[in-house]
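Asker: Give me a model of this one.
(one chain, ligands or ions: 1)
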Amino acid sequence: MSTRPRKQIHLGAHFPGVNNTTVWSDPRSGSQIDFSSFEHLARRAEAAKLDFFFLAEGLRLREHKGRIHDLDVVGRPDTLPVLAALAAVTDRLGLAGTINTTFNEPWELAKQFATLDLLSEGRAAWNLVTSPDAFTGANFRRGGYLPYAERYARAAEVVEVARALWDSWDDDAVLADRITGDFLRPGAVRPVTHHGTYADVVGLFETPRGPQGHPVLFQAGDSADGRDFAAATADVVFSAHSTFDAGRAFYEDVKGRLAAHGRSRDSLKILPATVVVLGDTPDEAAERAREIRLQQVSGPTAIAFLEQVWGRDLEGYDPEGPLPDVDPDTENLSITRGRVRHAKDPAAVAAAWREQAEANGWSIRELVIQVTSRGGFVGTPEQVADDIDRHVQEDASDGFILVPHLTPGGLDDVFDRVIPLLQERGSFRAEYEGTTLREHLGLARPGAASAAEDEPAAELVG
Ligand SMILES: Cc1cc2nc3c(=O)[nH]c(=O)nc-3n(C[C@H](O)[C@H](O)[C@H](O)COP(=O)(O)O)c2cc1C
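Answerer: As a prediction, this is how the structure comes out:
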């Protein structure tokens with residue numbers, strides 16, 4: 001038996017996204033735009049003592065066969081104003097926003113996140129994503145200007161500059177001394193000079209250091225480069241590996257990369273996305289999970305999904321019938337744009353799926369339901385609490401980002417029925433102990449770069 005103390009679970013509440021996990025057609029589903037929806041989820045998450053609220057980002061509307069893909073929810077407001085507004089209606093909940101490092105300038109990002117950290121009194125987090133594709137890039141003035149291989153090189157430099165800017169103000173820079181007339185402590189705000197590959201920044205930063213020093217940095221991206229970037233840079237990894245075995249493998253892999261960067265295993269938290277479906281009995285939960293999957297994968301959604309892999313118009317096929325007998329058009333990779341889900345070898349994927357569907361007697365829709373299922377926790381509240389706790393205690397994760405299928409009340413039953421059980425067993429806080437997100441997550445606060453007296457500029461050449 002291990003004598004290790006019980007690990008504390010960390011939980012985030014993901015606002016429903018613009019993909020088919022979110023069931024907008026359900027009569028209980030509300031607006032994805034109204035502030036009241038964001039407020040509902042944030043207030044409920046805070047009442048349940050969750051670590052943070054989480055917003056994903058998409059930079060261009062998805063298109064399928066040249067049209068807006070509106071089988072899913074379409075359109076969402078900008079991340080940072082939403083989080084700033086939530087700062088005013090919550091007190092302790094962390095506020096995590098996904099903002100890509102490809103299409104923004106480090107100066108703007110550093111200023112925006114420092115501001116969110118100040119407004120929220122230390123609750124800001126930045127989920128760093130890299131979106132280098134030309135389709136997304138076409139929305140921006142410079143178009144698709146970043147080769148895929150450079151996405152993390154740019155991300156690393158953006159973070160390096162942002163950190164230098166945050167550290168260019170000492171924590172106690174503001175004196176506001178009415179007697180001497182000094183507003184700033186001399187030398188407490190230093191110029192930053194950075195001449196790099198992706199950023200060229202020379203100047204004095206105008207935003208004081210936030211209560212956390214640096215906002216908490218999340219990373220989402222699964223490649224080896226992405227994992228190395230996380231190990232070098234991030235405080236939290238948002239992963240897609242929520243099943244027990246995949247979770248453990250990912251956990252070991254990423255935590256194993258930390259030592260090379262001189263970091264301890266505790267300094268990086270791994271939080272996979274997951275869904276929870278509850279029932280009073282295991283059978284009832286399984287039945288509800290099945291109903292939700294059927295809502296998420298309608299007939300037209302199943303056909304559209306297949307079209308992404310086949311690269312062909314499959315509209316004439318019956319979603320309740322067998323898989324297409326035509327082979328994928330391997331040349332046509334742009335039938336769907338703005339999604340990250342393209343099969344690497346469509347012919348091989350199609351062959352494997354046909355084989356699976358035939359062996360199990362699956363229709364197109366059933367096949368899509370099966371291949372897009374990512375597990376999650378389905379059961380009674382007691383079973384789900386047990387399972388979540390087991391994943392964390394046995395190092396398949398440090399917690400989860402809970403993804404609801406309904407806007408905005410999709411996590412209400414988890415807050416009401418599962419969180420109290422986790423609290424009873426001592427695995428999840430019953431009250432917030434700290435005030436900042438770093439404190440909730442058990443992360444150290446970065447100290448400011450020391451103000452060397454006759455060294456006025458923090459010089460960085462990346
Ligand atoms: C769990 C997860 C969530 C992600 N969320 C977003 C997102 O909200 N917005 C976005 O633009 N990219 C998102 N990404 C994409 C990544 O930032 C990245 O661009 C992509 O995974 C390619 O990088 P990789 O090759 O390292 O995986 C997400 C990736 C993962 C694994």
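Asker: Spatially central residue for this structure, please.
Answerer: Centroid-nearest residue in the chain: residue 238, 5.1 Å away (criterion: C-alpha atoms, centre = their mean).
Asker: in which helix or strand would I find that one?
Answerer: strand 236-239 (DSSP states H and E).
Asker: Could I get the buried residue list for stretch 179-191?
Answerer: By neighbour count with 16 or more other C-beta atoms under 10 Å, stretch 179-191 contains the buried residues 188-190. Just so you know, the C-beta spots here come from the backbone N, C-alpha and C atoms, and that holds for glycine as well.
Asker: Quick one: name the residues of the stretch 201-350 of the chain near the ligand.
Answerer: Residues of the stretch 201-350 of the chain lying near the ligand by C-beta under 6 Å from any ligand atom: 220-223, 225-226, 238-240, 273, 340.
Asker: Can you flag which of these belong to strands?
Answerer: In strands, defined here by DSSP state E, the members of those are 238-239, 273.
Asker: before we move on, back to that, output the contacting helices and strands for the strand holding residue 238.
Answerer: Other helices and strands packing on strand 236-239, by 3 or more C-beta pairs under 8 Å, 6 or more residues apart in numbering; DSSP states H and E, are strand 216-219, helix 244-256, strand 269-274.
Asker: at 6 Å what do you get?
Answerer: The contact analysis (3 or more C-beta pairs under 6 Å, 6 or more residues apart in numbering; DSSP states H and E) places strand 236-239 against strand 216-219, strand 269-274.
Asker: Which strands border it, and is each parallel or antiparallel?
Answerer: strand 216-219 (parallel), strand 269-274 (parallel) (DSSP bridges).
Asker: Can I get it in PDB? Just the C-alpha atoms.
Answerer: Extracted in PDB, the C-alpha atoms of strand 236-239 (Å, rounded to 0.1, in the frame of the first residue of the first chain):
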ATOM      1  CA  VAL A 236      -1.500  22.800 -16.800                       C
ATOM      2  CA  VAL A 237      -2.000  20.500 -19.800                       C
ATOM      3  CA  PHE A 238      -5.500  20.300 -21.200                       C
ATOM      4  CA  SER A 239      -5.500  16.900 -22.800                       C
END
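Asker: And that strand, what's buried?
Answerer: For strand 236-239, the neighbour count (16+ other C-beta under 10 Å) marks 236-239 as buried.
Asker: Go ahead and name everything in contact with that strand.
Answerer: 218-220, 230, 250, 254, 269-272 (C-beta atoms under 6 Å, 6 or more residues apart in numbering).
Asker: swap the cut-off to 7 Å and go again
Answerer: Here strand 236-239 makes contact (C-beta atoms under 7 Å, 6 or more residues apart in numbering) with 127, 216, 218-220, 230, 250, 254, 268-273, 401, 441.
Asker: How about stretch 65-76?
Answerer: 18-20, 22, 24, 32-33, 61-63, 300-301, 304, 313, 335.
Asker: Flag the shaky bits of the stretch 251-400 of the chain, pLDDT-wise.
Answerer: Within the stretch 251-400 of the chain, the stretches with pLDDT under 70 are 332-334, 338-343.
Asker: picking up where we left off before, number of nearby residues for the nearest residue to the residue nearest to the centre of the chain once chain neighbours are set aside?
Answerer: Distance criterion C-beta to C-beta, 6 or more residues apart in numbering; nearest residue to residue 238, sequence neighbours excluded, is residue 220 at 4.2 Å. Neighbours of residue 220 under the rule other C-beta atoms under 10 Å: 22.
Asker: Give me the mean pLDDT for stretch 47-59.
Answerer: Stretch 47-59 shows a mean pLDDT of 96.
Asker: Between the two ends of it, what distance do you get?
Answerer: 31 Å (C-alpha to C-alpha, to the nearest Å).
Asker: and this protein, what are its domains?
Answerer: As assigned by automatic domain parsing, the chain contains the domains 10-280+380-441, 298-371.
Asker: so which of those domains gets nearest residue 291?
Answerer: domain 10-280+380-441 (9.2 Å; C-beta to C-beta).
Asker: Quick check: end-to-end length of that closest one?
Answerer: The straight-line separation of the ends of domain 10-280+380-441 (C-alpha to C-alpha) is 7 Å.
Asker: OK, contacts around residue 275?
Answerer: The contact partners of residue 275, by C-beta under 7 Å, 6+ apart, come to 376, 403, 405.
Asker: Test my guess that residue 251 contacts residue 271.
Answerer: No: Residue 251 is beyond contact range of residue 271, at 10.6 Å (criterion: C-beta atoms under 7 Å).
Asker: Can you work out which residues contact both of the two?
Answerer: With C-beta under 7 Å, 6+ apart as the test, residue 251 and residue 271 both reach residue 397.
Asker: These two: which is more packed in?
Answerer: residue 271 (26 against 22).
Asker: any idea how far that one is from residue 13?
Answerer: Distance, residue 271 to residue 13, using C-beta to C-beta, to the nearest Å: 12 Å.
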